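J.: pasting the sequence and the predicted coordinates here, then a few questions.
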Amino acid sequence: MAAPPILSFEDLGLIQGEGWLFRNLDIYLGPRDRLALIGRNGAGKTTLLKCLAGTVDTDAGRRTIVPGTKVVLLEQDPPMGAHATLEDWVLHGADAPPAHEAAAIADQLGIDLLRTTATASGGERRRAAIVRALAQDPDVLLLDEPTNHLDLAAIDWLEDWLGRFSGAFVVISHDRTFLTRLTKSCLWLDRGQIRRAEIGFGGFDAWTEKVYADEERAAEKLDAKLAIELHWLQRGVTARRRRNQGRLAKLQEMRAQRASMLGPTGSAKLGLARDDSKTKTVIDAENVTKAFGDRTIIRDFTLRIQRGDRIGLVGANGAGKTTLLKLLTGELAPDGGKVTLARTLSGIVIDQQRKLMSPDKRVRDVLAEGGDWIDVRGTKKHIKGYLKEFLFNPEMTEAPVGSLSGGERSRLLLAREFARASNLLVLDEPTNDLDLETLDLLQEVIADYEGTVLIVSHDRDFLDRTVTVTLGLDGSGKVDIVAGGYEDWARRRGEAARPQPKPRATTPVANAAPPAAAKKLSYKDQRDLDRLPAEIEKIEAQIAAAEAALADPDLYTRDPKRFASLMDQVARLRADKEAAELRWLEVAELSEALAAG
């Protein structure tokens, strides 16, 4: 029999703005629960954690806690400005932890608590917050994005600590690997409701898709249409997850090609590949060295980066990732060697500081300078349609930036930056503050980007899903160059002593080896292989025609019904195209497997 809860909230409700943020929520925590709290940006996850912690007054419901239970909340960005040093902040207040406990954890995390709060980096402030939370000896930990701004070593340490933790925790995180390793149950905050499943995060996607499918069937039985928001979100997320499986297969091919080019060039074939690559080179680094004072940050680094490469940079904070990034983009000159950039290189940078827009600006001001249309890399789009592509409610055009959650602001920034024409994209910790659905979207946008991408990230799963080459820095000046993602780099370094979770469904089911008896494609498979390319072209032409009609700047005002109809038509056609592309990929891979067998 399950242990009785030590913390619960019955009929929880909270009003935000003019309506209920959530209502009639029933939540309970057992003494050893390991819960992932999941939901879209703006759904209220952070607020819900604060309700559980008792730091927010709710408008309905009753909070019950077993006497003596200590609940500790780790906030995303706790205010520290009133304290001179990180140690002053860690040890302040009636609930301050014992100084010796704080010092012991700080030593293990590698944080100097004597650092002044004014000069502390995001990673140092995050470590200090973790020290204060863990040193209080909690029974229940409520963790809001605990891995933000942490390097890989600190994330690994925190995973080990939580794995040994004898109490309960609820965690909000965009780090899929972190969630997969640690959680045993899921709380899904969706459209003001809470659902709980006794499955770890690894089973979350399958569970949510089943919930969506059940809701759609129920709506059809009642002869009712799904709510517009549910319709575009549900279909978009589900299709995106399926489509990304096909992209992961292509990513594996790109990694294999890159591995051959990074390896020994002892054959004519490899020599030709390298010669051909010269016409595609966008960044050429030769024997690059950079030092600051007596410390050499980068030593004898050589790499030719091609158009279309996705390069990931990993390593501990201070190992030199930002320095290498600046060397590769020409922002910083090397002390030795040289970096040659293609003359046509035109980049955009989305950095971890998130220089966000003024809070009093409207969404339409940020995207379209107050208008209704945005130029997306040469294609004119209505901002309502473009907002939907980035998982926003299309009616949010008038919303002030200040009313958006931190994750929504980051998503809006991505939407604005990805609209700009460029052939080099530099992403510095792009996954901070993004929900899981937006990470799926970001993965898709990167995969479809025609230029070169440089990514600095500590998100292991995200790197495994996006990059073709990983540059690993250990702080000694050496840079490991590995074809593949984080897991490939960790394996190379021998850091994968414990089992590393594989990215979910990294290879489509269609890649499974065909039955031994199969000699050729079935009639249906062969027919789909032959007909689908022409069908995809036809659908693309229909999409182009509909988008051309939507490009009429007066259409929305003159004929809003036709505008809405065309928007729905484009959405349906894109879904049809995605399904056709996935089916063609499936039969094409099956055909190749049969030919090879």
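T.: Noted; the coordinates are in hand.
J.: how about Arg176, what does it touch?
T.: 201, 436, 439, 459, 461-462, 504 (Cβ atoms under 8 Å, 6 or more residues apart in numbering). Where you see a C-beta, it was placed from the backbone N, CA and C, and this is true even at glycine.
J.: only C-alpha atoms, please: export the helix or strand containing Glu216 in CSV.
T.: Element membership for Glu216 (DSSP states H and E) is helix 204-221. The C-alpha trace of helix 204-221 is given here as CSV (Å, rounded to 0.1, in the frame of the first residue of the first chain):
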residue,chain,number,x,y,z
PHE,A,204,5.8,11.2,-20.8
ASP,A,205,5.5,11.7,-24.6
ALA,A,206,3.6,8.4,-25.2
TRP,A,207,1.3,9.2,-22.3
THR,A,208,0.4,12.7,-23.5
GLU,A,209,-0.2,11.6,-27.1
LYS,A,210,-2.6,9.0,-25.8
VAL,A,211,-4.4,11.6,-23.7
TYR,A,212,-4.7,13.9,-26.8
ALA,A,213,-5.9,11.0,-28.9
ASP,A,214,-8.6,10.0,-26.3
GLU,A,215,-9.8,13.6,-26.1
GLU,A,216,-10.1,13.9,-29.9
ARG,A,217,-12.1,10.6,-30.1
ALA,A,218,-14.4,11.8,-27.3
ALA,A,219,-15.0,15.1,-29.1
GLU,A,220,-15.8,13.4,-32.3
LYS,A,221,-18.3,11.1,-30.6
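J.: in that helix, what counts as buried?
T.: Using 16 or more other Cβ atoms under 10 Å as the burial criterion, the residues of helix 204-221 that qualify are 204-205, 208, 212.
J.: ok, stretch 23-36 next?
T.: Buried-residue list, stretch 23-36, by 16+ other Cβ under 10 Å: 23, 25, 27, 29-31, 33-36.
J.: from one end of it to the other, what's the distance?
T.: End-to-end distance for stretch 23-36, by Cα to Cα, to the nearest Å: 20 Å.
J.: how far is that stretch from where the chain is centred?
T.: 25 Å (Cα atoms, centre = their mean, to the nearest Å).
J.: quick check: mean pLDDT of it?
T.: Averaged across stretch 23-36, pLDDT comes to 94.
J.: same check, this time on stretch 87-102
T.: 94.
J.: and that stretch, end to end?
T.: Using Cα to Cα, first and last residues of stretch 87-102 are 9 Å apart.
J.: same check on stretch 58-78?
T.: 21 Å.
J.: in it, what's buried?
T.: Neighbour count says stretch 58-78 has 58, 61, 65, 71-76 buried, by 16+ other Cβ under 10 Å.
J.: if we can go back for a sec, just the contacts of Arg176: which are in helices?
T.: 436, 439, 461-462 (DSSP state H).
J.: which residues of the stretch 1-150 of the chain fall in strands?
T.: For the stretch 1-150 of the chain, the strands defined by DSSP state E, counting those that start in this stretch cover 7-16, 19-29, 34-38, 60-65, 71-74, 140-144.
J.: what two of the buried residues of stretch 23-36 are the furthest from one another?
T.: Within the buried residues of stretch 23-36, Arg23 and Pro31 form the most distant pair, 27.7 Å apart (Cβ to Cβ).
J.: and the residue nearest to Leu550 when sequence neighbours are not counted, what does it touch?
T.: Computed as Cβ to Cβ, 6 or more residues apart in numbering, the closest residue to Leu550 that is not its neighbour in sequence is Leu566, at 5.3 Å. By Cβ under 8 Å, 6+ apart, the contact set of Leu566 is 546, 549-550, 555.
J.: re the thing from before, and the angle from the helix holding Glu216 to strand 34-38?
T.: 50 degrees (axes from the mean of the first three to the mean of the last three Cα atoms, to 10 degrees).
J.: and the helices in the stretch 301-450 of the chain?
T.: Using DSSP state H, counting those that start in this stretch, the helices of the stretch 301-450 of the chain run over 321-328, 363-368, 383-389, 406-418, 436-448.
J.: how far away from the center of its chain is the shortest one?
T.: It refers to helix 363-368. On Cα atoms, centre = their mean, the centre of helix 363-368 falls 23 Å from that of its chain.
J.: repeat that for the last one.
T.: The chain centroid and the centroid of helix 436-448 are separated by 7 Å under Cα atoms, centre = their mean.
J.: for the first one, same thing?
T.: Average the C-alpha atoms of helix 321-328, do the same for its chain, and the two points are 22 Å apart (Cα atoms, centre = their mean).
J.: for that helix, buried residues please.
T.: For helix 321-328, burial by neighbour count (16+ other Cβ under 10 Å) applies to 321-325, 327-328.
J.: what does it rub up against?
T.: 283, 285, 288, 290, 297-298, 301, 305, 311, 313-315, 332-334, 339, 426, 428, 454, 456, 471, 473, 479.
J.: quick check: ChimeraX command selecting the buried ones in those.
T.: The following ChimeraX line selects those of the contacts of helix 321-328 that are buried, judged by 16+ other Cβ under 10 Å:
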select :283,285,288,290,297,298,301,305,311,313,314,315,332,334,339,426,428,454,456,471,473,479
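J.: okay, and Ile283 sits in which element?
T.: Going by DSSP H and E, Ile283 is part of strand 281-292.
J.: what angle sits between that strand and helix 321-328?
T.: Going by the same axes, to 10 degrees, strand 281-292 makes 130 degrees with helix 321-328.
J.: and the contacts of strand 281-292?
T.: 296-307, 309, 320, 323, 327-329, 332, 334-342, 345, 423-424, 452, 477.
J.: and the closest residue to Ala256 other than its chain neighbours, how many neighbours?
T.: Among residues not flanking Ala256 along the chain, Ala483 sits closest, at 7.6 Å (Cβ to Cβ, 6+ apart). Counted with other Cβ atoms under 10 Å, residues neighbouring Ala483 total 21.
J.: let's see the pLDDT reported for Ala483.
T.: 89.
J.: same check, this time on Thr147
T.: Confidence score, pLDDT, at Thr147: 92.
J.: check Ala548 too.
T.: 76.
J.: that one: which element?
T.: helix 523-550.
J.: re earlier: next, give me the two most distant ones among the buried residues of helix 204-221.
T.: Using Cβ to Cβ, the buried residues of helix 204-221 span at most 12.6 Å, a distance reached by Phe204 and Tyr212.
J.: so where's the protein shaky on pLDDT?
T.: Of all residues in the chain, those with pLDDT under 70 make up the ranges 1-2, 218-247, 261-279, 351-357, 495-519, 553, 589, 592-593, 595-597.
J.: domain assignment for it?
T.: Following automatic domain parsing, the chain resolves into domains at 7-212, 251-495, 523-596.
J.: and the second one, how far from the chain's centre?
T.: Okay, so that is domain 251-495. Worked out by Cα atoms, centre = their mean, domain 251-495 lies 13 Å from the chain centre.
J.: same thing with the last one?
T.: For domain 523-596, the distance from its own C-alpha centre to the chain's C-alpha centre is 26 Å (Cα atoms, centre = their mean).
J.: also the first one?
T.: The chain centre lies 19 Å from the centre of domain 7-212; the measure is Cα atoms, centre = their mean.
J.: span of that domain from start to end?
T.: Note: domain 7-212 ends 29 Å apart using Cα to Cα.
J.: change the start of the numbering to 816 and stick with it
T.: Got it, first residue is 816 now, which makes that one domain 822-1027.
J.: the residue nearest to Ala1071 is in contact with Arg1070, isn't it?
T.: Yes. With contacts counted by Cβ atoms under 8 Å, Ala1298 reaches Arg1070, the gap being 5.1 Å.
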